[in-house]
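> okay, here's the prediction I keep looking at, along with the sequence it came from:
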Amino acid sequence: MNEQPPPPKARHPFIKFWRNIGGGSLTISILIHVGLLLLAGLMVVATQMTQSDIDFLPGGGTAQGAAASADMQHQVQQKKRSTLNKKMPMKKIVSNSINSEITLPEMPPDMLDIPTMSSTLGGGGLSGGFGKAGMGGGFGSGSGIGGLSGIAFKPLMMFGKELKDTRKIAVVMDVSRSMTKFLPIVAKELDKVARGSPLVLYFGCGLKTPPKDVEDRVIKVNDERFSKFWQYWESKDDMTTLRTEYAKLKYDPTRPMPLEAIYQQMVNRSNTSFIDYNGIQYASSALMSKEVMEADTIYWFADFQDAVDDSEMEKVRKKLKYRKQKLYIHASVRGRSFEKVRDQLVIPLGGEVIETKAE
């Protein structure tokens, strides 16, 4: 005997009514639209949360626009400073391999103050926005006079003559009575090209081998002995008498100082020294003194009238060559020893003769 299926359950009247008017399709449509609205809302919220502040205000060329731009620029700088001032936790980086590669964190580019185009070109302010800036650079080698690679030094000139490969210069000056009139000119020229460079004064320009007991100390001009030296040897006193009596003489402050203006110029000049009178033959003590040893070039101004000998010139040549110094000479007149000094000292040491007339 076959069993009959149970009769279907009666549907709720409202459901029957809702289906009769097409409510099922409407429900599905509403659900789809609600879902789209929710998705759009989530996207808007996410965009607002991740959107960064825009450091931009149009100037518009008006005073209000300029003020607003300046205020925004101030805020941007304040933000950068606060970011840079944050303390970063200190970390140790240790590598156990000599071949390992370590990449260190870099400063974000937008934290760097890149000069604007207006500041680079020297023009006025630019209105507009801020863009990403790129940076580049490199290293090159330059050539020039001097001991540091890539740095060029302006050549030193004395009376229009270039002193080759010279960064430091020292001057030895003959201050015998016929030569003292040139002293202010030489000192002025020296300070024009290399102010404060060493200047050593010697009475004479001979290059003879000195006796063992010769007094050849280099003394600063602020010493009272310079006043005595100048007072007698630059005066018109008899030279023969002075040679025998000089050791007994003292500086007399009541006596007028000969060539007062030049004397004051020397006393007030820094890095100026002299060798007290010991004859006119031992100028080698000035050329080889420690006061001039740091110079690349020694400039010697004299008349080259005094005698020289080969052995003393060889001694000077070896000393200056050991110090890697060049010798330039400038003659007020070409005295009897000029050619010997030129051929045995100047040329072998890589120096030259300065021909310009000192006036």
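Okay, I see it.

> these two touch, right, residue 309 and residue 209?
Yes. Between residue 309 and residue 209 there is a contact under Cβ atoms under 8 Å: 6.4 Å. Bear in mind the C-beta positions are built from the backbone N, C-alpha and C, glycine included.

> which one's more surrounded, these two?
Using other Cβ atoms under 10 Å, the more surrounded residue of residue 309 and residue 209 is residue 309, with 15 against 12.

> now residue 34, what are its backbone angles?
phi -60, psi -40 (degrees, to the nearest 10).

> do the same with residue 162
Dihedral angles (degrees, to the nearest 10) for residue 162: phi -70, psi 130.

> for the closest residue to it other than its chain neighbours, grab phi and psi.
By the measure of Cβ to Cβ, 6 or more residues apart in numbering, the closest residue to residue 162 outside its immediate chain neighbours is residue 155, 4.9 Å from it. Main-chain dihedrals, residue 155, degrees, to the nearest 10: phi -60, psi 140.

> quick one: the helices in this structure?
In the chain, the helices defined using DSSP state H lie at 13-20, 23-50, 63-84, 117-121, 183-194, 224-233, 239-245, 260-267, 284-287, 310-322, 338-341.

> hang on, the earlier thing: overlap of the contact sets of residue 309 and residue 209?
Listed as contacting both residue 309 and residue 209 by Cβ atoms under 8 Å, 6 or more residues apart in numbering is no residue at all.

> sorry, back to before: for the residue nearest to residue 162, give me its contacts.
Residues in contact with residue 155, defined by Cβ under 8 Å, 6+ apart, are 145, 162-164, 166.

> need the pLDDT of it.
Note on residue 155: pLDDT of 79.

> please apply the same query to the one 10 residues further on.
pLDDT recorded at residue 165 is 91.

> thought it was touching residue 325?
No. The criterion here is Cβ under 8 Å, and residue 165 misses it with residue 325 at 11.0 Å.

> those two: which has the busier surroundings?
Neighbour totals were compared for residue 165 and residue 325, and residue 325 leads with 23 against 16 (other Cβ under 10 Å).

> so who does residue 271 touch?
Residue 271 is in contact with 196-199, counting by Cβ under 8 Å, 6+ apart.

> so of those residues, which ones are in strands?
residue 199 (DSSP state E).

> which of the contacts of residue 271 count as buried?
197-199 (16 or more other Cβ atoms under 10 Å).

> is it true that residue 178 touches residue 303?
Yes. With contacts counted by Cβ under 8 Å, residue 178 reaches residue 303, the gap being 6.7 Å.

> and these two? Which one has more around it.
residue 303 (20 against 12).

> got any residues that touch both of residue 165 and residue 325?
residue 296.

> buried ones in stretch 345-359, by neighbour count?
Under 16+ other Cβ under 10 Å, the buried positions of stretch 345-359 are 345-346, 349-352, 354.

> go on, stretch 237-251?
Those would be residue 246, for stretch 237-251 by 16+ other Cβ under 10 Å.

> again with stretch 253-264
257-259, 262-263.

> out of those residues, which one sits closest to residue 41?
Nearest to residue 41 among the buried residues of stretch 253-264: residue 262, at 95.6 Å, using Cβ to Cβ.

> surely the closest one meets residue 182?
No. Using Cβ under 8 Å, residue 262 is not in contact with residue 182; the gap is 10.1 Å.

> shaky segments in the chain?
Scanning the chain for pLDDT under 70 picks out the ranges 1-12, 18, 49-74, 76-153.

> and if we set it to 50?
1, 54-60, 92, 98, 109-152 (pLDDT under 50).

> contact partners for the residue lying closest to residue 175 once chain neighbours are set aside?
Nearest non-adjacent residue to residue 175, counting by Cβ to Cβ, 6+ apart: residue 201, 4.7 Å away. Counting by Cβ under 8 Å, 6+ apart, residue 201 touches 173, 175, 183, 221, 266, 272-275, 286.

> ok, now residue 259?
Applying Cβ under 8 Å, 6+ apart to residue 259 gives the contacts 180, 230, 234.

> neighbour-wise, which of these leads?
That'd be residue 230 among the contacts of residue 259, by other Cβ under 10 Å, with 24 neighbours.

> now it, nearest residue through space, not along the chain?
residue 263 (5.3 Å).

> let me know the closest of the contacts of residue 155 to residue 190.
residue 163 (11.4 Å).

> that closest one contacts residue 295, correct?
No. Applying Cβ under 8 Å as the test, residue 163 and residue 295 come out as separate, 10.0 Å apart.
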